[in-house]
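J.: quick one, structure for this:
(one chain, ligands or ions: 1)
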Amino acid sequence: MFHWDNGLKLTKADLAVDIGRRQPRAFISHAHSDHIARHQFALCTPQTAALYHLRLGRRPTLEMPYRQTVQWSDLRLTTYPAGHCLGSAMLLAEDEGQSLLYTGDFKLSESATAQRAELPHADILIIESTYGHPKYRLPPRDEVVGQLIDTVKEILEGDCVPVITAYALGKAQEVTKLLTAAGIPVLQHPKVFEVSQVYRQCGVDLGRFELLNRQVESGWAVVVPPRSPPLQSNRRQIRLAVTGWAISGRAKYWLDVDYAIALSDHADYDELLEAVERVAPREVYCTHGPHEFVDCLRQAGYNAHPLGRPRQGLLW
Ligand SMILES: [Zn+2]
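T.: Numbering: from 1, shown residues only. From the prediction side, this is the model:
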């Protein structure tokens with residue numbers, strides 16, 4: 001039903017899946033830069049299409065709203081929410097004999113700005129397993145959100161500027177929504193602000209946020225993408241990084257920030273195991289994760305295999 005050709009391909013449909021190089025026909029699970037390219041023709045959700053056009057210019061796409069099946073060559077294709085960022089989707093491919101679910105990047109727990117993941121049953125599961133090791137267990141979400149808000153409030157009370165580093169698509173909007181819901185207005189870096197406009201057009205209300213194009217007044221938090229230079233400000237800036245890798249106690253040193261907050265948009269180890277249980281597949285293929293996850297699944301009795309290369313670099 002699928003093969004690996006320097007990336008995942010659905011064989012019968014002649015369809016590349018999340019390949020970051022130009023393809024004749026490709027499914028895009030979400031619009032993070034390692035999942036998109038200037039394809040000749042792309043299939044994706046309407047929200048991902050809007051973000052794809054923003055990032056790479058207007059391109060030919062077939063929009064696939066969640067849970068609406070399309071016939072594509074010999075396959076029936078259906079998208080389901082993946083809980084990772086706006087428009088993120090899992091792909092269910094079915095023919096007469098069997099079904100395959102590709103998760104893409106996903107998260108099972110709640111998000112302030114993405115639809116919660118849905119997991120249909122499939123015979124074959126291809127799962128993104130970045131945090132596929134027992135050492136990658138995230139703290140409870142409420143605890144992490146509380147830590148973010150309390151830290152930002154404390155910084156504001158000291159009349160300093162909280163500068164929060166978060167990936168420009170997804171995490172930055174979630175952080176904005178969490179802060180504005182707690183009564184803290186947000187100034188967004190232009191790269192974040194342009195993505196937030198798409199969220200707004202797609203009906204996601206992020207609360208009170210504005211473009212960062214002026215001196216930061218007291219009481220405002222600032223959200224910027226990773227590796228942004230320091231702001232022009234005569235008040236002290238305190239930097240926070242919001243990333244799943246903050247589960248490592250040393251993250252704030254290698255991220256060079258004052259605080260690291262472990263809010264992730266990826267499933268942690270326990271959620272990965274839960275996802276496999278819920279899909280109840282006959283075969284599991286693990287992408288982007290440590291080999292240990294394949295071993296864990298085999299020990300739990302699954303017919304599990306690694307697929308492709310591990311992901312390079314850090315995930316925000
Ligand atoms: Zn992603």
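J.: quick one: the residue of the stretch 51-200 of the chain found nearest the ion from residue 130, how far?
T.: Nearest residue of the stretch 51-200 of the chain to the ion (Cβ to the ion) works out as residue 105 at 3.6 Å. Just so you know, the C-beta spots here come from the backbone N, C-alpha and C atoms, and that holds for glycine as well. To residue 130, residue 105 is 8 Å away according to Cβ to Cβ, to the nearest Å.
J.: thinking again about what came up before, phi and psi next, for the residue of the stretch 51-200 of the chain closest to the ion.
T.: phi -70, psi 130 (degrees, to the nearest 10).
J.: next: the one 10 residues further on.
T.: As for residue 115, its main-chain torsions (degrees, to the nearest 10) stand at phi -60, psi 140.
J.: surely it meets residue 79?
T.: No: taking Cβ atoms under 8 Å as the definition, residue 115 is not a contact partner of residue 79, at 10.9 Å.
J.: distance of the residue sitting furthest away from the middle of the chain from residue 221?
T.: Computed with Cα atoms, centre = their mean, the residue of the chain farthest from its C-alpha average is residue 234, at 34.4 Å. In this view, residue 234 and residue 221 are 17 Å apart by Cβ to Cβ.
J.: again with residue 112
T.: Computed with Cβ to Cβ, the distance linking residue 112 and residue 221 is 15 Å.
J.: tell me which of the two has more neighbours.
T.: residue 221 (26 against 19; other Cβ atoms under 10 Å).
J.: okay, now the nearest residue to that one once chain neighbours are set aside: neighbour count?
T.: Counting by Cβ to Cβ, 6 or more residues apart in numbering, residue 221 lies nearest to residue 162, which is 4.6 Å off, once chain neighbours are set aside. The tally of other residues near residue 162 (other Cβ under 10 Å) stands at 26.
J.: secondary structure element for residue 162, which one?
T.: strand 161-165 (DSSP states H and E).
J.: now do the strands in the stretch 1-150 of the chain.
T.: With strands called from DSSP state E, counting those that start in this stretch, the stretch 1-150 of the chain shows them at 2-4, 8-10, 15-17, 26-27, 42-44, 61-63, 70-72, 75-81, 89-94, 99-102, 124-128.
J.: the last one - contacts with which helices or strands?
T.: Using 3 or more Cβ pairs under 8 Å, 6 or more residues apart in numbering; DSSP states H and E as the contact criterion, the elements in contact with strand 124-128 are strand 99-102, helix 269-279, strand 283-287.
J.: so which of the ones you listed is nearest the ion?
T.: The ion sits nearest to strand 283-287 of all the helices and strands packed on strand 124-128, at 12.4 Å, using Cβ to the ion.
J.: residues from the chain in reach of the ion?
T.: Within the chain, the positions lying close to the ion (Cβ under 5 Å from the ion) are 32, 105.
J.: report the central residue of the chain.
T.: Nearest to the chain centroid, counting by Cα atoms, centre = their mean: residue 84, 3.7 Å.
J.: in contact with that residue, which residues?
T.: 30, 104-107, 111, 114, 117, 170, 265-266 (Cβ atoms under 8 Å, 6 or more residues apart in numbering).
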